[in-house]
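Student: okay, sequence plus prediction incoming.
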Amino acid sequence: LGYCSVFAQQFYWLQSRKIVVVLFLSVIALIIFVIRQFVLKRPYINLRVLGFPKYLIGISLLFLMYLCRFSFSYSGQFFSTILGMDPRHVSYMYLINLLGIVVGVAYSCVHLISKRPIFMVWIIGFSSLFCYHFLMNQLMFYYGNETSYFLPMLLHGIGIGLIMVPTILYCISSVSFYMAPSAAAFCLFVRYLGYSVSGVLVNYFTLYNTSTHKDRFLDYFQKANPMYVERFATLKTKLLKNGYNQATIDTVTQSVLNKELNKYVLLRSVMDYYTLMMYVSLAVLAFLIVFWLFQKKIKISIRPILPI
């Protein structure tokens, strides 16, 4: 599964015989594992935990959280490739995220100790992840100050800290006490599954979506476009003033423009992925709010504007 999540997109999935063999063996291994767990007297993972509705809700939220979590891998790529940060300054951004995780875990612990509804923690957590993706989507640009990204990185950490630990505890407590070890073990599998699917999506947007955007940009990346000619001339003049050789100036200018093009293509791909994660967060928030209203048995009556 991990091999497919990393290399399947590069080999065009089922068009590659190697990927087909790996997927087939994975399915066979999964079937054998499931049958063996039902046959064993003391199974490693009691799959009857999937018969608890609350447990299914918990692992679904855990899976979706991991999808939103690993969009964070694009942030480091953005900081280093687009903004040109060195590893030291990128690590400072990760420290802000780590601080957010500590704050989120601390608040979730206080919330659970106070025996408050876990739905509020989930709603605040996924709202934080939505705000992170929205702000990063708006702040994606060719240049920027690192201080502008402190708030999104902090919100991402808070969202992860609020969701991960309470959700695992909710999953374990939603099953019978003798199934608690199986519930915890299956949560590990769901976390790994979320990581693998997130890797598939990142590779898809990195390879396929990047090539799509690059083809679109190349339609305007030619001398017939006045904006391209103007940008080429401006950049050429700057390079000449910096002492570049007249004989190789056209080649150097074209190389610099190609690097700028690759940066804009990466920006567009990252923005597409963050937009998808925004929709995922909104869908989860809508589900949580509706489910919370259903649990509380709150009826919403909509009166017509005009009398009927």
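Tutor: Ah, there it is. Bear in mind the structure is a predicted one, so any value in this text is a computation, not a measurement. Residues are numbered from 1 along each chain as shown.
Student: so where's this protein shaky on pLDDT?
Tutor: Low-confidence segments of the chain (pLDDT under 70): 1, 5-10, 142-144, 224-225, 243-247, 296-308.
Student: ok, which stretches of it are helices?
Tutor: Using DSSP state H, the helices of the chain run over residues 2-7, 17-39, 53-69, 72-77, 87-113, 118-139, 150-173, 180-218, 226-241, 249-296.
Student: quick one: the fourth one to chain centroid distance?
Tutor: Centroid separation for helix 72-77 versus its chain: 9 Å, with CA atoms, centre = their mean, to the nearest Å.
Student: repeat for the second one
Tutor: When C-alpha coordinates are averaged (CA atoms, centre = their mean), helix 17-39 and its chain have centres 27 Å apart.
Student: just the buried residues of it, please?
Tutor: 19, 22, 23 (16 or more other CB atoms under 10 Å). Quick note: C-beta positions are derived from backbone N, CA and C, even for glycine.
Student: over to the fifth one?
Tutor: Neighbour-count burial for helix 87-113, counted by 16+ other CB under 10 Å, picks out 90, 93, 96, 97, 99, 100, 101, 104, 105, 107, 108, 111.
Student: check the fourth one too.
Tutor: The neighbour-count criterion (16+ other CB under 10 Å) identifies 72, 74, 75 as the buried residues of helix 72-77.
Student: and which of the buried residues of helix 87-113 is nearest residue 162?
Tutor: Closest approach between the buried residues of helix 87-113 and residue 162, by CB to CB: residue 104, at 4.3 Å.
Student: contacts only, for that closest one.
Tutor: By CB atoms under 8 Å, 6 or more residues apart in numbering, the residues touching residue 104 are 125, 128, 157, 158, 159, 160, 161, 162, 163.
Student: filter the residues you listed down to the buried ones, PyMOL style.
Tutor: The PyMOL command for the buried members of those (criterion: 16+ other CB under 10 Å) is given here:
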select buried, resi 125+128+157+158+159+160+161+162+163
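Student: centroid residue for the chain?
Tutor: For the chain, the residue nearest the mean C-alpha position is residue 71 (2.6 Å; CA atoms, centre = their mean).
Student: excluding chain neighbours, what is closest to that one?
Tutor: Among residues not flanking residue 71 along the chain, residue 277 sits closest, at 5.0 Å (CB to CB, 6 or more residues apart in numbering).
Student: residue 23 contacts residue 4, correct?
Tutor: Yes - counting by CB atoms under 8 Å, residue 23 touches residue 4, with 6.3 Å between them.
Student: ok, back up a step: can you count the residues close to the residue nearest to residue 71?
Tutor: For residue 277, the neighbour count with other CB atoms under 10 Å is 25.
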